[in-house]
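[1] I'll drop the sequence and a predicted model, then ask my questions.
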There are 2 protein chains.
Amino acid sequence: MTTSNRQFRLAARPVGLPKRSDWNVTEEPAGQPADGEVLVKVLYISLDPAMRGWMNEGKSYIPPVALGEVMRAGAAGRVIASRHPGFIAGDHVTGVLGVQEYALAQGKHLIKVDPRVAALPVYLGTLGMPGLTAYFGLLEIGKPQPGQTVVVSGAAGAVGSVVGQIAKIKGCRAVGIAGGPDKCRYLVDELGFDAAIDYKTGEVKAGLKEHCPQGIDVYFDNVGGDILDAALARLARGARVIICGAISQYNNTQAVKGPANYLSLLVNRATMTGMVVFDYAARYAEAAREMAGWMAAGKLKSREDIVCGFDKFPEALLKLFAGENNGKLVLRVGEE
Amino acid sequence: MTTSNRQFRLAARPVGLPKRSDWNVTEEPAGQPADGEVLVKVLYISLDPAMRGWMNEGKSYIPPVALGEVMRAGAAGRVIASRHPGFIAGDHVTGVLGVQEYALAQGKHLIKVDPRVAALPVYLGTLGMPGLTAYFGLLEIGKPQPGQTVVVSGAAGAVGSVVGQIAKIKGCRAVGIAGGPDKCRYLVDELGFDAAIDYKTGEVKAGLKEHCPQGIDVYFDNVGGDILDAALARLARGARVIICGAISQYNNTQAVKGPANYLSLLVNRATMTGMVVFDYAARYAEAAREMAGWMAAGKLKSREDIVCGFDKFPEALLKLFAGENNGKLVLRVGEE
């Protein structure tokens, strides 16, 4: 019997927010692994803001998804069949498996994970790319010192929530910027941030003034736009700004809004640095081990927002851009 | 007999380009030095883009010039009378003497210079703050490596011309962006830049593509605006962008134009860092000695654009913003 595999393939380059018709759903046999390959049943697909960028044409930090190609996505699943010595059927793995129900992948590109240590969706969030992005961006570029003030935007998201918690672990003051009172309460009450600023009130500037009386030493930006400008206006001398993403700009149909306050870098002798987590691949395992230790010790909490149903992919992805997800957004697509 | 001292005092905060009525000319006795002070006859006043920023209200890297205060300016002059042990009448000095004919200054804030080593205006340019800005900005923040491509905007100006020449001394490819064919020829034919791009042709993007086939490793920005955006679009992996100034934005009556291409920092894992030369004060003497050595060896050339007449100050300053100066702009205000 041949297993059928449904896939979302890129059909058009979106203008503005992606819509269902920007993908085609195709169905084909799941296939069998060739030598070195592994057949994985996809259980959870990671939905990340970066996916929007991958749909655009043009040079970026990785090539765009080609038209007709299976939509790129990180995912977690269970090995069905393996012709790679590192894996056997029943193993759980993560990797760039794509938006599909089954994936044939090179074993060397897969990471084995242990569902007894953490639930599979956690390996797509706090112990996966978003968590690693937070870890390396904050520690390697932000270089926060105890007592310094760390501000993060998109603070209730998969990256931002980890940034703030690691800042606390490192003895910093952590201030989060997020949308709505629920997320803000979550940051302070559940995750231990010192303060949270609800950008939907329009009071980001005043909030930063109130909660960062000595200025911002490290600003970790996931959003761009007006919030980046408000943070720039409040930098402390020698501040480090980490450019991790710009979710407010990804669906622009006009030009990106550049940070009008960038001359604050000059006034404050500050640095703005872009980061891509792939550059730290050699240290993923070490970082994930340290973060798993923090989770076990209760110092690092994780929350996932799980949408069920393969077919829901296009609408689920949009939750990110509306800020509707609570924690790491994951699409559940298969049963164990 | 009392010596009379004319002064330009700030009368109004300019909107857009500064105009003559933004200052009052006052006249008062030159005075006599108190203990620790030196009376200096001002011979040359340095005209710098930064002066426009000092006229604005609000927090910056130094306090604004207050209304009614003598306009701040670097200058070079001759000591008339001294009550500081480090100086005697006849010494030549530089310092922040202001736009006036005579200045009473604390001796500890003055730097003695030798007109036999270089003409006085050179101590306001290549061997003064602009040259030191180029030196520390390029070497300490840009960290250019032999064979790398260094691009500088405002390349025919006092800072930019030194940036490009030091880049050549360090074994880099130097590409300058300047306004008009004369300046561009000067950069290549006189100063030894590898290429020059005339921004007035509107072909900055194409020029950078042609002259930086491997991308830009170090971009030293003096201008901001569209040229900064064009350079960002062409960064090499791991590039360093130095934000030294933004002359295109200083006279804006609207908001500063932020760099729309700032996400190139992310794609290219690049860094944008602001610099203020004051932070390197402890190393000024060492750097000036090294640069004087380069000048003596013919590796570092200097050109000054000297406007004569104290009263010409307001109009002379505007040459900077029109890009009309050829080399370091200096106002000659007194006779030896």
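    Noted; the coordinates are in hand. Residues are numbered from 1 along each chain as shown, chains lettered A, B, ... in the order given.
[2] Stretch A:147-157 and chain B, are they touching?
    No. Legend: contact between stretch A:147-157 and chain B by Cβ under 8 Å from any Cβ of the partner chain is lacking; minimum distance shown is 14.3 Å. Every C-beta, even on glycine, is put in place using the N, C-alpha and C of the backbone.
[3] ok, A:Thr133 - contacts?
    By Cβ atoms under 8 Å, 6 or more residues apart in numbering or on different chains, the contact set of A:Thr133 is A:159, A:244, A:275, A:277.
[4] So the residue lying closest to A:Lys143 once chain neighbours are set aside: helix, strand or coil?
    Spatial nearest neighbour of A:Lys143, excluding adjacent residues (Cβ to Cβ, 6 or more residues apart in numbering or on different chains): A:Arg240 at 6.3 Å. Secondary structure, DSSP: H, G, I helix; E, B strand; the rest coil: A:Arg240 is strand.
[5] Near A:Arg240, how many residues? Count them for me, please.
    24 (other Cβ atoms under 10 Å in any protein chain shown).
[6] and it, how far is that from A:Asp221?
    Distance of A:Arg240 to A:Asp221, given as Cβ to Cβ, to the nearest Å: 11 Å.
[7] And A:Thr273, by the same measure?
    For A:Thr273, the distance to A:Asp221 - Cβ to Cβ - is 10 Å.
[8] ok, now A:Ala156?
    A:Ala156 is 15 Å from A:Asp221, by Cβ to Cβ.
[9] and the residue lying closest to A:Gly154 once chain neighbours are set aside, how many neighbours?
    Spatially, and ignoring its direct neighbours in sequence, A:Gly154 is nearest to A:Asn222 (3.4 Å; Cβ to Cβ, 6+ apart). Neighbourhood size, A:Asn222 [other Cβ under 10 Å]: 28.
[10] Confirm for me that A:Asn222 is in contact with A:Ser153.
    Yes. Counting by Cβ atoms under 8 Å, A:Ser153 is a contact partner of A:Asn222 at 5.2 Å.
[11] so what sits against both of those two?
    What both A:Asn222 and A:Ser153 touch, as defined by Cβ under 8 Å, 6+ apart, is the set A:Gly160.
[12] my read: A:Glu113 touches A:Leu120, true?
    Quick fix: residue A:113 reads Val, not Glu. Yes. Shown here, A:Val113 and A:Leu120 form a contact pair, counting by Cβ under 8 Å, at 7.1 Å.
[13] Could you name every residue contacting both of these two?
    The contact lists of A:Val113 and A:Leu120 share A:76, A:92, where a contact means Cβ under 8 Å, 6+ apart.
[14] Quick check: A:Ala281 vs chain B, distance?
    13 Å (Cβ to the nearest Cβ, to the nearest Å).
[15] What distance do you get for that residue to B:Ala156?
    Distance from A:Ala281 to B:Ala156, by Cβ to Cβ: 44 Å.
[16] who has more neighbours, the two?
    Neighbour count, other Cβ under 10 Å: between A:Ala281 and B:Ala156, B:Ala156 has more, with 28 against 9.
[17] tell me the pLDDT at that one?
    Per-residue confidence at B:Ala156 stands at 95 (pLDDT).
[18] Please enumerate the shared neighbours of A:Thr273 and A:Asp221.
    Overlap of the contact sets of A:Thr273 and A:Asp221 (by Cβ under 8 Å, 6+ apart) consists of A:241-243.
[19] how about the residue nearest to A:Gly154, what does it touch?
    A:Asn222 sits in contact with A:49, A:152-154, A:157, A:159-160, A:244-247, where contact means Cβ under 8 Å, 6+ apart.
[20] domain assignment for chain A?
    Listed by automatic domain parsing, the domain ranges of chain A are A:4-125+A:303-332, A:129-278.
[21] near chain B, anything from the first one?
    Right, domain A:4-125+A:303-332. Yes. For domain A:4-125+A:303-332 and chain B, the contact criterion (Cβ under 8 Å from any Cβ) is met by A:59-61.
[22] need the contact list for A:Tyr123.
    Applying Cβ under 8 Å, 6+ apart to A:Tyr123 gives the contacts A:76, A:94, A:113.
[23] What pLDDT does the model give A:Met1?
    The model reports A:Met1 with a pLDDT of 56.
[24] from what I can see A:Gly16 touches A:Gln249, true?
    No. Assessed by Cβ under 8 Å, A:Gly16 is found out of contact with A:Gln249, at 11.7 Å.
[25] Including neighbour count, could the shared contacts of A:Thr273 and A:Asp221 go into JSON lines?
    Output for the shared contacts of A:Thr273 and A:Asp221, formatted as JSON lines (neighbours: other Cβ atoms under 10 Å in any protein chain shown):
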{"residue": "A:Val241", "neighbour count": "28"}
{"residue": "A:Ile242", "neighbour count": "28"}
{"residue": "A:Ile243", "neighbour count": "28"}
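[26] List the residues that contact the residue sitting nearest the centre point of chain A.
    Centroid-nearest residue in chain A, with Cα atoms, centre = their mean: A:Pro130, separated by 3.8 Å. By Cβ under 8 Å, 6+ apart, the contact list for A:Pro130 reads A:48, A:124, A:157-159, A:162, A:328.
[27] quick one: it from chain B, how far?
    Per Cβ to the nearest Cβ, A:Pro130 is found 15 Å from chain B.
[28] same deal with A:Gly202?
    With Cβ to the nearest Cβ as the criterion, A:Gly202 and chain B are 18 Å apart.
[29] coming back round to it: more neighbours: A:Thr273 and A:Asp221, which one.
    A:Asp221 (29 against 21).
[30] hang on, isn't the more buried one packed against A:Ser248?
    No. Taking contacts as Cβ under 8 Å, A:Asp221 lies outside contact range of A:Ser248: 10.0 Å.
[31] Which neighbours do these two have in common?
    In contact with both A:Asp221 and A:Ser248: A:Ile227, using Cβ under 8 Å, 6+ apart.
[32] Excluding chain neighbours, what is closest to A:Trp268?
    Rather than Trp, residue A:268 is Asn. A:Leu235 (4.5 Å).
[33] Hmm, the one you found is touching A:Ala270, no?
    Yes. Using Cβ under 8 Å, A:Leu235 is in contact with A:Ala270, at 5.0 Å.
[34] Quickly list what's touching both of these two.
    In contact with both A:Leu235 and A:Ala270: A:241, A:264, using Cβ under 8 Å, 6+ apart.
[35] gap between A:Ile45 and A:Gly98?
    8 Å.
[36] Same question for A:Gly245.
    21 Å.
[37] More neighbours: which of the two?
    More crowded of A:Gly245 and A:Gly98, by other Cβ under 10 Å: A:Gly245, with 29 against 23.
[38] Please verify my assumption that that one contacts A:Asp48.
    No. Assessed by Cβ under 8 Å, A:Gly245 is found out of contact with A:Asp48, at 9.1 Å.
[39] Can you classify the closest residue to A:Arg283 other than its chain neighbours by secondary structure?
    Excluding the flanking residues, the one nearest A:Arg283 by Cβ to Cβ, 6+ apart is A:Phe136, at 7.4 Å. With three-state DSSP as the basis, A:Phe136 sits in helix.
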